[in-house]
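K.L.:
Requesting a structural model of the entry that follows:
(2 chains)
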Amino acid sequence: MSNKRSKTIYKTPQGAVVYGVVAEFDTPASLSRAAEKVRDAGYTKWDVYSPFPVHGIEEAMGLPATKLPLLTGLVGLCGAGIGLIFQWWVTAVAYPMVVQGKPFFAWEPWTPVTFEFGVLFTAFCSLLGMLAFNKLPMWYHPLMKKERFLRVSDDRLVICIETSDPKFNIDSARNLLENAGGRHIDLVEE
Amino acid sequence: MSVIHPDEYTAGQIAGTVPIDRPQVVDARTGDGTLIDDPAVRAPLVLNNRSFHDITETVCGYVEKTPGGWWWPLFGVANMLAAIGTAMILYLLITGVGVWGLNNRVDWAWDITNFVFWIGIGHAGTLISAILCLLKQKWRTSINRAAEAMTIFAVICAGTFPGIHVGRIWFIWMVFPIPNANGIWPNFRSPLLWDVFAVSTYATVSALFWYMGMIPDLATLRDRAALRLMKNPAGPTVAPFLNIRVDEVRAKVYGLLSLGWRFSTRHWQNYEKAYLMLAGISTPLVLSVHSIVSFDFATSVLPGWHTTIFPPYFVAGAIFGGFAMVLLLMIPARELYPNMKELITLRHLENMAKILLVTGMMVGFAYSMEFFIAWYSGNQYEADVFLFNRLLPPWWAQVGEDGQLKYAPYWWAYWTMIFCNVVSPQLFWFRRCRTSPLWIFVVALFVTVGMWFERFVIIVTSLHRAFLPGQWGMFYPTWVDILTFAGTVGIFLTLFMLFLRFLPAFAMSEIKNVTPQANPHAHGHEGGH
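P.N.:
Here you go, the predicted model:
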């Protein structure tokens, strides 16, 4: 269990477990270039934090495309199917009633409600799927204890390399971030 | 006075030849600097070259600082109206729908008029947040949050009316397919049931979209409160006798709502995809909702209702009326709140004025097409509806086959509609009018009135002359009708003011993203795309 983490457990001089190394960057351009360097150094457990999604940063980080649209599309189609089957069951099975001599089974008048079912499922899946993929809600995170990190939501641009990365070494991570132009390089306690 | 082109000014600042704090002197013809006609120049979306931090300060300031002296009087009036509206609804529920002016001839009147009016207003919010997002219209970022909030509050007002107009409110659950002891299920062939599904889906999806858009901005408010708690040992408390700091409450409430958002790029990636999908799904949704609302009328056989042009006509009208409401709310807000003019520039107002002009012409086209089809179809009932229910004032009365004078009793409502919706937006052909907040406000006011009358004309004038003369009769609103409508205006304004007071009224993360300094390629190839 404990071996998911790399062999060494990094600790601060005070004895606290280290979560990772953070560095701040001045501009989206320097952030983007630094992200490319961290990506090329082969790290996998690291992240870029910015007050808005920086254009093109996914490529700079080498992130694979998210599967969320696929999931949402499938759930949306299922929703529409459920809507259609439900209307068929209500109108033709559970409560068949002659209305204006129309057939019990006809998909045409069920189109609007089928569509609305599909939309509803898609919308819920977009939001809840986004949260699930991001492992949110998570009301505690080591980074949140850092005063400087809280300014990311305002205007700071931060890269954090985590100790859980298999390649992690505290000195090389520091050097990498420093050479990439990072400032205020600091350790984050777990 | 030296005149500097705003683009020259920005370029100078980037190059360092113009000091950042130098007051901007711009060409008077460009208004606040954004009304540039030169297509090679990109108008700034945020004025005065504001930094990310400035944008955070401005937007969070609306929530964190006490608003000006205007707030309480305005909120008081809105609240009083809301209370009156609530009292009217209670009176109706206790007494019965007879307190309204409905009768056996005109059995839908102000209730359904108000329903369609409010639901239509909501549509501009979805248009701004979804359709303009898909079309990559960057200027939407400073109005989308408020417009989405407006959507939700308008849908709340709209949903009230079908709910209370049924008479026996305790049976309202029967509009939903809920298993019950009688084994009765709703009729899925009925447009009224489609409407239930369309409106409730619309309300839900709009709320989800709105909330998801707010998560990062709520996290910003949370972090600011947390930072103040870390730095200052003392701060304002909730009440003099309660030793709980306001920032503690903020950190907790905004923290809970922002779900632990920490601005991670791995999160942003999923977030942006989810946002795009919600925009993509809201676009057909908003078109479907007002189409389905129009089916409430179009699928009946009543002349004046039974037309195939209704779905696009209703959708265009909804966007028209909704944009007018966005302008009615945002023009005063940008006067009252500090620095809001930097975020909602004259260019934003001009763009919305142009949309009013376009959609106004669309509804104008629909009005004329109704007349054309009434004539071209050769259907006498249709022709009669348009001539003798809507168009002809008493002084143009014609002698009918029975020798009696025929004219349209509701001609004044029809002509009010035409004047407000078709004539008044034509002012926006003049640059002077479509770039002046005052003129835009006046026209938006006319349009709002006109769009209410459009629904009144469609509903009441069609119903008051059905096929049989025995079904003919006028509708007169009672004081309860009038105060209920005024009450929903109060509910709407109360909710909107609470939104401005407690939630981030601008999508900060999106505005930051469209500023020039957010572009990581800014120094490489400027103006490349």
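K.L.:
All the strands of chain A, residue numbers only.
P.N.:
A:18-25, A:46-49, A:157-162, A:183-189 (DSSP state E).
K.L.:
Between the ones you listed, which one is closest to B:Phe314.
P.N.:
strand A:46-49 (45.0 Å; CB to CB). Every residue, glycine included, has its C-beta placed from N, CA and C.
K.L.:
residue with max distance from the center of chain B?
P.N.:
Going by CA atoms, centre = their mean, the residue of chain B most distant from its centre is B:Gly403, 47.7 Å out.
K.L.:
got the strands of chain A as a markdown table, with mean neighbour count and distance to chain B columns?
P.N.:
Listed next are the strands of chain A as a markdown table, based on neighbours: other CB atoms under 10 Å in any protein chain shown; distance: least, CB to the nearest CB, whole Å:
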| stretch | mean neighbour count | distance to chain B |
| --- | --- | --- |
| strand A:18-25 | 23 | 11 |
| strand A:46-49 | 24 | 4 |
| strand A:157-162 | 25 | 8 |
| strand A:183-189 | 16 | 12 |
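K.L.:
so can I have a markdown table of these showing mean pLDDT?
P.N.:
Formatted as a markdown table, those follow (pLDDT from 0 to 100):
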| stretch | mean pLDDT |
| --- | --- |
| strand A:18-25 | 93 |
| strand A:46-49 | 94 |
| strand A:157-162 | 94 |
| strand A:183-189 | 91 |
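K.L.:
In contact with the residue farthest from the centre of chain B: list those residues for me.
P.N.:
Residues in contact with B:Gly403 (CB atoms under 8 Å, 6 or more residues apart in numbering or on different chains): none are found.
K.L.:
Quick check: pLDDT value at residue 108.
P.N.:
In the absence of a named chain, chain A is used. pLDDT, A:Glu108: 92.
K.L.:
right idea, wrong chain: chain B
P.N.:
pLDDT, B:Trp108: 92.
K.L.:
burial count for it?
P.N.:
17 (other CB atoms under 10 Å in any protein chain shown).
K.L.:
Checking it next. Helix, strand or coil?
P.N.:
coil (DSSP: H, G, I helix; E, B strand; the rest coil).
K.L.:
Pull up the gap between the most centrally placed residue in chain A and B:Ala130, please.
P.N.:
Residue closest to the mean C-alpha point of chain A, counted by CA atoms, centre = their mean, is A:Asn134 at 3.4 Å. A:Asn134 sits 22 Å away from B:Ala130, going by CB to CB, to the nearest Å.
K.L.:
And A:His184, by the same measure?
P.N.:
A:His184 is 39 Å from B:Ala130, by CB to CB.
K.L.:
now swap in A:Glu190 and tell me
P.N.:
Here the criterion is CB to CB. By it, A:Glu190 lies 41 Å from B:Ala130.
K.L.:
So for the two, which residue has more residues nearby?
P.N.:
B:Ala130 (27 against 14).
K.L.:
Isn't the more buried one up against B:Ala279?
P.N.:
Yes: taking contacts as CB atoms under 8 Å, B:Ala130 lies within contact range of B:Ala279: 4.3 Å.
K.L.:
shared neighbours of these two, which are they?
P.N.:
By CB under 8 Å, 6+ apart, the residues touching both B:Ala130 and B:Ala279 are B:Phe209.
K.L.:
where exactly do the helices run in chain A?
P.N.:
Using DSSP state H, the helices assigned to chain A run over residues A:28-40, A:57-61, A:68-88, A:111-133, A:170-179.
K.L.:
In terms of secondary structure, what does the longest one contact?
P.N.:
Packed against helix A:111-133, as judged by 3 or more CB pairs under 8 Å, 6 or more residues apart in numbering or on different chains; DSSP states H and E, are the following elements: helix A:68-88, helix B:191-231, helix B:265-298.
K.L.:
Done for today, thanks.
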